[in-house]
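Student: attaching a predicted model along with its sequence, questions to come.
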Amino acid sequence: MDDELEAIRARLRAEIMARARPSGPVDLTDATFDAFTAQHRIVLVDVWAAWCGPCRRMSPLVEELGRAWAGRVAIAKLDADRAPAIVQRHRIQSIPTFLWFKDARLVGALVGVQPRAAFESVLAKLETP
């Protein structure tokens with residue numbers, strides 16, 4: 001009976017967490033960045049700017065990843081021009097830059113235009129315990 005009850009609780013917790021995770025990229029600011037990365041186990045942050053051609057080129061892929069990995073990975077966008085504190089803290093010198101967080105810790109970055117396979121590979125590695 002206790003095992004069955006615990007299994008039900010675990011399933012309900014997983015369902016609640018899946019609903020709480022956004023299905024597409026969330027816009028972050030200097031003020032919301034830390035809370036967002038702390039709230040989710042795995043996070044991909046797209047650091048971009050409106051004037052950046054390569055950033056605009058990567059935007060549809062980031063949207064696709066948000067849909068494909070919904071419930072498993074939280075994906076966010078950070079406008080570099082509007083978040084100078086985060087850009088400085090993470091020493092971002094080129095955009096687009098893609099920051100990877102696991103358990104609120106920065107674990108990696110990709111810079112520039114990247115193929116979908118590069119993102120899928122990193123996400124799969126981060127998802128393993």
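Tutor: Nice, thanks for sending it over. Numbers count the residues shown, from 1 in each chain.
Student: tell me where the model's unsure across the protein.
Tutor: 1, 12-23 (pLDDT under 70).
Student: now the helices for it?
Tutor: Under the criterion DSSP state H, the chain carries helices at the ranges 2-20, 33-39, 53-68, 84-89, 116-127.
Student: so for F101, which of the ones you listed sits nearest?
Tutor: Minimum separation from F101 across the helices of the chain (C-beta to C-beta) falls at helix 33-39, 4.7 Å. Any C-beta I mention is one placed from the backbone N, CA and C, and that applies to glycine too.
Student: tell me the buried residues in that closest one?
Tutor: 33, 36-37 (16 or more other C-beta atoms under 10 Å).
Student: of these, closest to A74?
Tutor: Using C-beta to C-beta, these come closest to A74 at F36, 7.1 Å.
Student: so what's the residue positioned nearest the centre of the chain up against?
Tutor: Residue closest to the average C-alpha location in the chain (C-alpha atoms, centre = their mean): L44, at 2.3 Å. By C-beta atoms under 8 Å, 6 or more residues apart in numbering, the contact set of L44 is 62, 65, 73-76, 98-101, 119, 123.
Student: related to what we said a few turns ago, can you redo the helices of the chain as JSON lines with distance to A109?
Tutor: Listed next are those as JSON lines, based on distance: least, C-beta to C-beta, whole Å:
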{"stretch": "helix 2-20", "distance to A109": "26"}
{"stretch": "helix 33-39", "distance to A109": "13"}
{"stretch": "helix 53-68", "distance to A109": "14"}
{"stretch": "helix 84-89", "distance to A109": "12"}
{"stretch": "helix 116-127", "distance to A109": "10"}
